[in-house]
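*Asks:* my questions are about this predicted structure, shown below with the sequence.
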Amino acid sequence: MYTRTHDSGAVIEWTPNDTELAKQALSETDGTGVTSKSEVTANAPLELGKEVARAVTERYRQLLAEKTSGGA
């Protein structure tokens with residue numbers, strides 16, 4: 001879904017289990033450049049900075065927790 005470059009220069013690729021929730025997290029997080037889930041494709045990962053990537057994964061975890069607990 002996205003890649004980011006680690007401080008060491010290594011490229012880190014994020015490939016979550018729940019693609020739909022990942023698309024939602026990307027579309028709901030500022031700084032990704034994504035305004036709707038339909039813009040995200042697994043075949044063309046986004047290059048994100050460290051802080052934006054961290055925010056996306058945090059939002060993904062929140063959405064996953066809501067889904068597994070039966071919440072919103």
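*Replies:* Right, received. Where do you want to start? Numbers count the residues shown, from 1 in each chain.
*Asks:* was I right to think Trp14 contacts Met1?
*Replies:* Yes. Trp14 is within contact range of Met1, at 5.4 Å (criterion: C-beta atoms under 8 Å). Yep, even glycine has a C-beta here, placed from its N, CA and C like the rest.
*Asks:* which SS class is Ile12?
*Replies:* Local secondary structure at Ile12 is given as strand here, using DSSP: H, G, I helix; E, B strand; the rest coil.
*Asks:* now for it: which residues touch it?
*Replies:* By C-beta atoms under 8 Å, 6 or more residues apart in numbering, Ile12 lies in contact with 3-6, 53.
*Asks:* who has more neighbours out of Trp14 and Met1?
*Replies:* The neighbour count for Trp14 versus Met1, taken as other C-beta atoms under 10 Å, is higher for Met1 (21 against 17).
*Asks:* got a pLDDT number for that one?
*Replies:* We have a pLDDT of 79 for Met1.
*Asks:* still on that earlier bit, and the contacts of Ile12, which is closest to Ser27?
*Replies:* Ser27 lies nearest to Ala53 out of these, by C-beta to C-beta, at 14.9 Å.
*Asks:* what segments of this structure are strands?
*Replies:* Under the criterion DSSP state E, the chain contains strands at 2-5, 11-14, 46-47.
*Asks:* most neighbours per residue, which of the ones you listed?
*Replies:* Comparing the strands of the chain by mean neighbour count (mean count of other C-beta atoms under 10 Å), strand 2-5 comes out on top with a mean of 18.
*Asks:* tell me what that one is packed against?
*Replies:* Using 3 or more C-beta pairs under 8 Å, 6 or more residues apart in numbering; DSSP states H and E as the contact test, the elements touching strand 2-5 are strand 11-14, strand 46-47, helix 50-69.
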